[in-house]
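J.: Any chance you could fold what I've pasted below:
(one chain, ligands or ions: 1)
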Amino acid sequence: MRLSGKIAVVTGAGSGIGRAIAQRFAAEGARVVVAGRTRPGIEETARAIDAAGGEALAVVCDVTDAAAVTHAIARANEVFGPVDILVNNAGGSFGDDILTFDEDTWDRNFDLVLKSVYLCCREVLPQMIARGSGAIVNIGSVNGLTGIGEEAYGAAKAGMINLTQNMAMKYGPHGVRANVVAPGTIRTPIWNERLAERPNVFEALTAWYPLGRVGEPEDVANAALFLASDEASWITGVTLPVDGGLLAGSYRMNVDLSGGATSQQAPVSSRE
Ligand SMILES: NC(=O)c1ccc[n+]([C@@H]2O[C@H](COP(=O)([O-])OP(=O)(O)OC[C@H]3O[C@@H](n4cnc5c(N)ncnc54)[C@H](O)[C@@H]3O)[C@@H](O)[C@H]2O)c1
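T.: Here you go, the predicted structure:
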């Protein structure tokens, strides 16, 4: 088991990617603090972990609220002990276009996506530094690496990458690693509103992915597990896209240039 004896805190673990990470970490031997804004989701995750023979503690925590974050980490310490692994996964996106949304919307994105990382990291870093080891995995987004819309969300995710690099540089000498996983489209409840408007959104988006599908929460959990584990003991400050090849190149442009054919269905002329 790759996380035996470790204590992990996963934020936003009541659904989607956070739930998959919490379950995967527990299956690898970690005791997991399942943190999230609302109780039903985190309790469901904790129950699933218990049922699979793992150990979990559900803690209600709004990651934008400094006092709530302090309380959640204190509970983690009280029940399990010092935190070895922090996964800053809680997130969400509000508004899409700087010409249409208001300042509150801008602030909501930055509070949830970026300030939360600062609040959670400042709470666990002192105990990681004191023990000379720790791993932070921040769940970013391809939106933080290139322009795909959702401007405030994308800018905040880009800020998360820079904050991660600074933490990697400053606290590396204390044995603390910090990395980002940047997912592409992942099939989670974050898409529920859009799915209600456009039921075939995943099928439409599949056309952008060289690997021919959108992602599943487990795809991100696998990458988070690697970066949190000792297998990544010499990796810090990196951003790992988990995106089915979305950022590898202009796939759709390439398909259009090839007359609409993918490499699996190469035009007859190019096969001869
Ligand atoms: N699904 C995707 O396509 C996708 C792509 C790139 C990045 N991401 C990122 O992955 C992360 C997880 O998202 P998901 O896709 O699993 O969606 P999700 O909506 O299932 O999960 C987000 C979780 O964060 C929790 N949360 C929201 N605000 C919170 C707060 N203030 N305090 C504590 N918890 C809060 C929600 O309750 C929810 O459980 C997010 O950071 C998101 O930006 C998702």
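
J.: Quick check, pLDDT for the residue lying closest to G212 once chain neighbours are set aside.
T.: Closest residue in space to G212, ignoring its immediate chain neighbours: T206 at 6.7 Å, by Cβ to Cβ, 6 or more residues apart in numbering. Where C-beta positions appear, they are placed from N, C-alpha and C, glycine not excepted. With respect to pLDDT, T206 scores 97.

J.: Contacts only, for T206.
T.: 212-214 (Cβ atoms under 8 Å, 6 or more residues apart in numbering).

J.: now do M169
T.: M169 touches G237, counting by Cβ under 8 Å, 6+ apart.

J.: What of C121?
T.: 86, 88, 136, 163, 167, 178.

J.: go on, E218?
T.: 20, 24.

J.: Quick check: buried residues in the helix or strand harbouring it?
T.: Per DSSP states H and E, E218 falls inside helix 217-228. Neighbour-count burial for helix 217-228 flags 217, 219-228 (criterion: 16 or more other Cβ atoms under 10 Å).

J.: Then stretch 113-131?
T.: 113-121, 123-125, 127-129.

J.: before we move on, the earlier item: the buried residues of helix 217-228 into CSV, with extra columns for pLDDT?
T.: Shown next, in CSV, are the buried residues of helix 217-228 (pLDDT from 0 to 100):
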residue, pLDDT
P217, 98
D219, 99
V220, 99
A221, 99
N222, 98
A223, 99
A224, 99
L225, 99
F226, 99
L227, 99
A228, 99
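
J.: could those residues be laid out in a markdown table, adding distance to the ligand?
T.: Shown next, in a markdown table, are the buried residues of helix 217-228 (distance: Cβ to the nearest ligand atom, whole Å):
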| residue | distance to the ligand |
| --- | --- |
| P217 | 6 |
| D219 | 11 |
| V220 | 7 |
| A221 | 10 |
| N222 | 14 |
| A223 | 12 |
| A224 | 10 |
| L225 | 15 |
| F226 | 17 |
| L227 | 14 |
| A228 | 15 |
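
J.: if I pick the closest residue to V181 other than its chain neighbours, what's in contact with it?
T.: Sequence neighbours aside, A223 is the residue nearest to V181 in space, at 4.7 Å (criterion: Cβ to Cβ, 6+ apart). Taking Cβ under 8 Å, 6+ apart, we find A223 in contact with 181, 240, 242.

J.: quick one, what contacts the last one?
T.: Contact analysis of V242 by Cβ under 8 Å, 6+ apart lists 181-184, 215, 219-220, 223.

J.: Surely Y153 touches I98?
T.: No: here Y153 does not reach I98: they are 11.4 Å apart, not a contact under Cβ atoms under 8 Å.

J.: More neighbours: which of those two?
T.: Y153 (27 against 11; other Cβ atoms under 10 Å).

J.: mind checking the SS state of the more buried one?
T.: Secondary structure state of Y153, per DSSP: H, G, I helix; E, B strand; the rest coil, is helix.

J.: Name all residues that make contact with it.
T.: Contacts of Y153 (Cβ under 8 Å, 6+ apart): 93-94, 109, 113, 141, 143.

J.: From these, list the ones also adjacent to the ligand.
T.: When contact is defined as Cβ under 6 Å from any ligand atom, those meet the ligand at S141.

J.: Most neighbours among the contacts of Y153, please name it.
T.: Among the contacts of Y153, the one with the most neighbours (other Cβ under 10 Å) is V113, at 32 neighbours.

J.: Apart from its neighbours in sequence, what residue is nearest it?
T.: V113's closest residue in space is A156 (Cβ to Cβ, 6+ apart), at 3.6 Å.

J.: hang on, that neighbour in a helix?
T.: Yes: judged by three-state DSSP, A156 forms part of a helix.

J.: Residues of this protein that sit close to the ligand?
T.: Residues of the chain lying close to the ligand (Cβ under 6 Å from any ligand atom) are 11-12, 14-18, 36-38, 41, 61-64, 89-92, 112, 139, 141, 183, 185-186, 188-190.
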